[in-house]
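Visitor: give me a model of this one.
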Amino acid sequence: MKRLSYTTLVFAVLSVIFFLLLIFFRTPFSIYPLMSYQDALDLLTPLVLIPLYWLLFKSAAKGESPTTEEVIFMVFAALWVLGQGMHLSANSVNNLIEALAEKQSIDITTTDIYRLTYFYDEHLSHYAWHAGILGLAALLIYGEWKRPAGNTTLWWATGLGGFIYGFTYFCIFLEGQTVPLGLPFAVIVTLLTLLWGRQNLKQQPLLAFFFVACLVATLLFVGWGLYWDGFPQFTDVGLI
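Guide: Numbers count the residues shown, from 1 in each chain. The predicted structure is shown next:
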């Protein structure tokens, strides 16, 4: 059964669209111009990706999942949605504040209002959201590892999906200033798979997907860190 491999590819493609490509839609939303099309489309992010997480969760493991795992899934999904929603609104307000300051119509970038918005936008929301991302990934890997459903890994789909998601993973954790979360997790998954999970990759598409993704992300983090002698955001080095 190779459907799970195709699902990981769909998940990876949708992740790169909602996490990275929406940035190209920062134009005023015609229905409510204080918002951007990026903001409006980002409302769909949890509605699309959380059901995909659930589909992966239920498809990768054999039999009924224990209640404990389902509760853990809901906790991490709630954390994911909480962080994403906080980021969406705070980032939208933050963009508006900075746009008004650039037009010299009103500048509140030195006030506590801006500092609080920036904290929600760039710190609290990122750590909550990305902790949810890692928690769900760990749960998916654990469930399939413990109760493999007998799927077959279709390597071209799983590998391509893993490569796309690994690049997306690297970008969101770097730009989100959450490398202290993302890099150790990627290294741990890569090493655990190499040491104890290699023999399972052919029958565990989710493990194969996250292994490729984490390997790609780890290599990108290492290369970026060596080149820049640290982990500056894309915006800090003028790439966005």
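Visitor: start and end of stretch 104-120, how far apart?
Guide: 24 Å (C-alpha to C-alpha, to the nearest Å).
Visitor: what comes up buried for that stretch?
Guide: 109, 114, 117-118, 120 (16 or more other C-beta atoms under 10 Å). Every residue, glycine included, has its C-beta placed from N, CA and C.
Visitor: which of these fall in helices?
Guide: Assigned to helices by DSSP state H, the following of the buried residues of stretch 104-120 qualify: 114, 117-118.
Visitor: between the residues you listed, which is nearest A157?
Guide: Of all those, the one with the least separation from A157 (C-beta to C-beta) is Y118, at 39.9 Å.
Visitor: ok, and the closest non-adjacent residue to the closest one?
Guide: N94 (6.1 Å; C-beta to C-beta, 6 or more residues apart in numbering).
Visitor: for the one you found, give me the pLDDT.
Guide: On the pLDDT scale, N94 is placed at 90.
Visitor: returning to that earlier point: of the buried residues of stretch 104-120, which is the nearest to K2?
Guide: Y120 (42.1 Å).
Visitor: what number of residues lie near the residue lying closest to that closest one once chain neighbours are set aside?
Guide: Spatial nearest neighbour of Y120, chain neighbours left out: A90 (3.9 Å); criterion: C-beta to C-beta, 6+ apart. Using other C-beta atoms under 10 Å, A90 is surrounded by 20 other residues.
Visitor: ok so, going back, will you turn the buried residues of stretch 104-120 into TSV that also has pLDDT?
Guide: Formatted as TSV, those follow (pLDDT from 0 to 100):
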residue	pLDDT
T109	82
Y114	91
T117	92
Y118	92
Y120	95
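Visitor: in those, find the pair that's most separated.
Guide: Longest span within the buried residues of stretch 104-120, C-beta to C-beta: T109 and Y120, 15.2 Å.
Visitor: where does W196 land in three-state SS?
Guide: helix (DSSP: H, G, I helix; E, B strand; the rest coil).
Visitor: any chance you could map the helices in this structure?
Guide: According to DSSP H, the helices that the chain contains are 3-19, 37-42, 45-60, 67-102, 112-119, 125-146, 155-175, 179-192, 205-228.
Visitor: closest to L239 out of those helices?
Guide: helix 155-175 (9.7 Å).
Visitor: residues of that closest one that come out buried?
Guide: 157-175.
Visitor: wait, the residue nearest to Y118 sits on T117?
Guide: Yes. At 5.1 Å, N94 counts as touching T117 under the criterion of C-beta atoms under 8 Å.
Visitor: mind pulling up the pLDDT for L191?
Guide: pLDDT, L191: 97.
Visitor: ok, now which ones touch the residue lying closest to V189 once chain neighbours are set aside?
Guide: Leaving aside its chain neighbours, V189 sits nearest to C214 (4.1 Å; criterion: C-beta to C-beta, 6+ apart). Applying C-beta atoms under 8 Å, 6 or more residues apart in numbering, one finds that C214 lies in contact with 166, 169, 185-187, 189-190, 193.
Visitor: report the two of those residues separated the most.
Guide: Once C-beta to C-beta is applied, the contacts of C214 give Y169 and T193 as the farthest pair, at 15.1 Å.
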